[in-house]
Each structure stands twice: as C-alpha cells, then as structure tokens.
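Engineer: Kindly return the folded structure for what I paste below:
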Amino acid sequence: MLFATLFVLTVITICVFFVWPAMEGTAASPLRRRTSQERPQTGGVPAARPQSLEGVLVAQLLAGEITRGQYLAAVEGLAARDDERHPLAVPPETGPADA
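Structural biologist: Down below sits the predicted model:
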C-alpha cells in the first residue's frame with residue numbers, strides 16, 4: 001500500500017511539474033518554444049542555410065512554422081517520390097549463406 005501511495009504521488013508531482021506550466025504558458029515552462037530573440041547565438045557566425053529539402057523541413061519544424069503532422073506528411077511524400085525515382089533493386093541470391 002505504501003508503494004502504491006508513493007507511486008501515485010510521484011506521478012502527480014511529475015505531471016504538475018511538466019504539464020501545469022505548459023498549460024499556463026509561463027516563462028518557467030520546460031516545454032515552451034523559444035522566440036527568435038531568445039535563440040542562442042553561435043558566436044557571431046550566422047547559421048548555415050539548409051542544403052536539402054529535408055533540412056528545410058526540419059528547420060521549419062524546429063522554428064514552429066509547421067506542425068509535426070505537416071512535417072510527417074511532407075517527409076512521407078518525399079519518400080514516395082524518392083521510391084518512384086530510385087526504386088530499391090534487391091540483388092539476386094547466389095546460394096546459401098553458409099556455402
């Protein structure tokens with residue numbers, strides 16, 4: 001019984017610590033997104049621009065410009081397009097592996 005009580009109290013404490021600040025939108029929220037003014041600087045060197053479509057999608061996802069669902073749909077479309085352009089060719093079997 002003591003274990004169950006301690007377990008429930010631990011779960012409630014964790015929920016209060018992570019969920020409550022996120023719902024209030026306070027500055028103490030560990031899940032809060034940073035604004036462009038709060039992003040860490042890289043020592044005066046501007047960040048490199050993404051060189052691929054996947055990189056652009058990841059940058060948009062991290063910046064909060066697209067949602068996770070939009071990102072997954074876009075990556076799924078990229079994978080389908082890549083599969084059409086470059087289909088996977090499985091090499092023929094040459095015999096048993098232990099030969």
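Engineer: By mean pLDDT, which helix or strand of the protein comes out lowest?
Structural biologist: Taking mean pLDDT, DSSP states H and E as the measure, helix 2-24 is the helix or strand of the chain with the lowest mean score, a mean of 81.
Engineer: just how off-centre is whatever helix or strand comes next after that helix within its chain?
Structural biologist: Later in the chain than helix 2-24, the nearest helix or strand by DSSP states H and E is helix 53-63. From the chain centre to the centre of helix 53-63 is a distance of 10 Å (C-alpha atoms, centre = their mean, to the nearest Å).
Engineer: now for helix 53-63, which elements pack on it?
Structural biologist: helix 68-85 (3 or more C-beta pairs under 8 Å, 6 or more residues apart in numbering; DSSP states H and E). All C-beta spots, glycine's among them, are computed from the backbone N, C-alpha and C.
Engineer: what number of residues lie near Arg85?
Structural biologist: Neighbours of Arg85 under the rule other C-beta atoms under 10 Å: 7.
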